[in-house]
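Asker: give me a 3D structure for the following:
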Amino acid sequence: MASCRFIDFDITIHGQHAPYLVHAAYAQHTAVGHFSADAAQPEWEAQLTTLARGRGAIGQEILEAIGAQLFTTLFHGAVRDLWGRACADLDRNQTGLCIRLLTQPPAVTALPWEIMFDPERKIVFAGSLQTPLVRVENQLQYVGSVRPLTTQLPLRMLVVTPEDPTQQIDGAAEVERLTSALGAWIGRYVQVVVLNGRFDVVALRQRIAQVQPDIVHLVTHGHFDGVLLWQHDTPVMTPAAALRVAFEGAHSVKLVVLNACATGQGAMHRQASSVGAQLLQTGAPAVIAMQYDIEEEIASTFAGYFYQELFGGECPGVVPRAVSFARSNLYALNPAHVGYATPILWLNAANGAIFEMERLPMPPFSIHHPTTPAHERDLKPLKRQRQEFEAWCADVAPLGNASLPVALRVTIQRPLQDALREINDLLVQLHGLESEPATDHIFKQYEEKLARILSNKNTVDRLAAVIRQQQEQSH
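Answerer: Numbering: from 1, shown residues only. Sure, this is the predicted structure:
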């Protein structure tokens, strides 16, 4: 039987510098401790750089080591004792614990809390259905009142998919995956409206006012201080402050899902600075955003699992449970990839339920993974492909340093540089494999790495075409 009832375990961290003061509260019990880490410290700065630039594939041991360091730095002394009591109640009463984390110092907020890992109980908090972790921003330096999260069925969902100038995001495919995940719920329990094409933040604001959505799901490129929209047929990085204007007065909006890179990434010296945190300032009770760059496939997979559980899971309508379900599936698929800990949930509501209903069956959300075609068991044809990739890479590499407008620099140049960096890493790995005997295992690894290079090459070719077009227009 699923645990749909959660008891809050509140953790507040405040102060001006390390060691910070920690207050924990659970079931009318409190504890006081200290926390000695922050993102400005060289050790954590290096670890955050690894997470941000690792393109997701960090490694399970590294992720668990970082997560365990966070856990042991926070849970010690009286705070650990209180946590032990809560865990004992959890085992005995078959309830859930919702860890509500309020971090006042920006350098503490910037830490990767969703990676936190209990090395003794082997709990990965980001993927635990019994101990979901949410962030809170409404108790300190908050402007405006928080709207209630709970609303009535059917829900209205506005799916926002601005045209992608880099052609990396297929808006139509994203909408199709969302509607597939919602399945039979569409019409009776959720109504979906789509806003796509080239539009600016004012058009978005007008559409929100017209639709009066309960959920706004935005799929676009993101940055720690903005998202990509359009203005006068030109792609622009719309600042978080401008996006916030679109949601001011949008009293119907209960949940915002930012399916966009780095929109949950805060600044080191400013409180509530990320795109997601700023949308909380409009009164939205729940916001989901991404704290790192995230591949389109992983982001859309997370969204599919999230909505599948939100509408068709064992605890319908419970947002923290649905987020944990989606995270845990990503973790199960690849515990070495930081994708499972990339989504952040801010929950400024006492109750995490956006609606209440009886559980009804629905078809499971399915994910199709491409298969790698078989090749003749001879490395010579594969080596020729590797050589062709190396020649192509040498020709296209200079475009990574091209001069571009700021908006395109973020959405085109950085992804191009990242893709080229991964291709070069894979080419080095292929040379290493060529020194090994051509066993079935080596042959399969070689094929897989070539397939990854080809996938990145297709991305680079699309981005390079945009850069060349910009260069031609500037001459």
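Asker: quick one: the helices in the stretch 351-475 of the chain?
Answerer: Under the criterion DSSP state H, counting those that start in this stretch, the stretch 351-475 of the chain carries helices at the ranges 379-396, 406-408, 414-434, 440-474.
Asker: pick out the shakiest of those, pLDDT-wise.
Answerer: Ranked by mean pLDDT, these bottom out at helix 406-408, which scores a mean of 66.
Asker: so which of the helices of the stretch 351-475 of the chain gets nearest Pro19?
Answerer: For Pro19, the closest of these is helix 414-434, at 35.9 Å, according to CB to CB. (Glycine included, C-beta is placed from N, CA and C.)
Asker: show me what counts as buried in the closest one.
Answerer: Of the residues in helix 414-434, those buried under the neighbour-count criterion (16 or more other CB atoms under 10 Å) are 414-420, 422-423, 426-427, 430, 433.
Asker: who touches stretch 84-95?
Answerer: With CB atoms under 8 Å, 6 or more residues apart in numbering as the test, stretch 84-95 has contacts from 1, 3, 5-7, 9, 26-27, 29, 96-97, 121, 130-131.
Asker: can you find the helix or strand in this protein with the smallest mean pLDDT?
Answerer: helix 406-408 (a mean of 66; mean pLDDT, DSSP states H and E).
Asker: now do the same contact list for Ile169.
Answerer: So Ile169 contacts 161, 219-221, 296 (CB under 8 Å, 6+ apart).
Asker: which residue in the residues you listed has the weakest pLDDT?
Answerer: Glu296 (81).
Asker: name the nearest residue to it, ignoring sequence neighbours.
Answerer: In this structure, Glu296 finds its nearest non-sequential neighbour in Ile169, 5.8 Å apart by CB to CB, 6 or more residues apart in numbering.
Asker: in a helix, that neighbour, correct?
Answerer: No. Secondary structure of Ile169 (DSSP: H, G, I helix; E, B strand; the rest coil): coil, not part of a helix.
Asker: related to what we said a few turns ago, so which of the helices of the stretch 351-475 of the chain is nearest Trp346?
Answerer: Trp346 sits nearest to helix 414-434 of all the helices of the stretch 351-475 of the chain, at 25.5 Å, using CB to CB.
Asker: max pairwise distance over the contacts of stretch 84-95: which two?
Answerer: It's Met1 and His29 that sit farthest apart of these, by CB to CB, at 26.5 Å.
Asker: who has more neighbours out of these two?
Answerer: In this view Met1 and His29 are compared by other CB atoms under 10 Å, and His29 has more residues nearby, 11 against 5.
Asker: helix, strand or coil for the nearest residue to that one once chain neighbours are set aside?
Answerer: Nearest non-adjacent residue to His29, counting by CB to CB, 6+ apart: Leu82, 6.0 Å away. Here Leu82 is helix, with the state taken from three-state DSSP.
Asker: just the pLDDT for Leu82.
Answerer: 96.
Asker: and the one 4 residues further on, by the same measure?
Answerer: Model confidence at Ala86, expressed as pLDDT, equals 91.
Asker: do Ala110 as well
Answerer: 91.
Asker: from Val227, how far off is it?
Answerer: Distance, Ala110 to Val227, by CB to CB, to the nearest Å: 20 Å.
Asker: more neighbours: the two, which one.
Answerer: Val227 (27 against 23).
Asker: isn't that one right next to Thr238, touching?
Answerer: Yes. If you go by CB atoms under 8 Å, Val227 and Thr238 touch, sitting 5.7 Å apart.
Asker: how's this protein carved up into domains?
Answerer: As assigned by automatic domain parsing, the chain contains the domains 6-135, 155-347, 379-474.
Asker: need the winner for burial among those.
Answerer: domain 155-347 (a mean of 21; mean count of other CB atoms under 10 Å).
Asker: ends of it, what's the gap?
Answerer: 19 Å (CA to CA, to the nearest Å).
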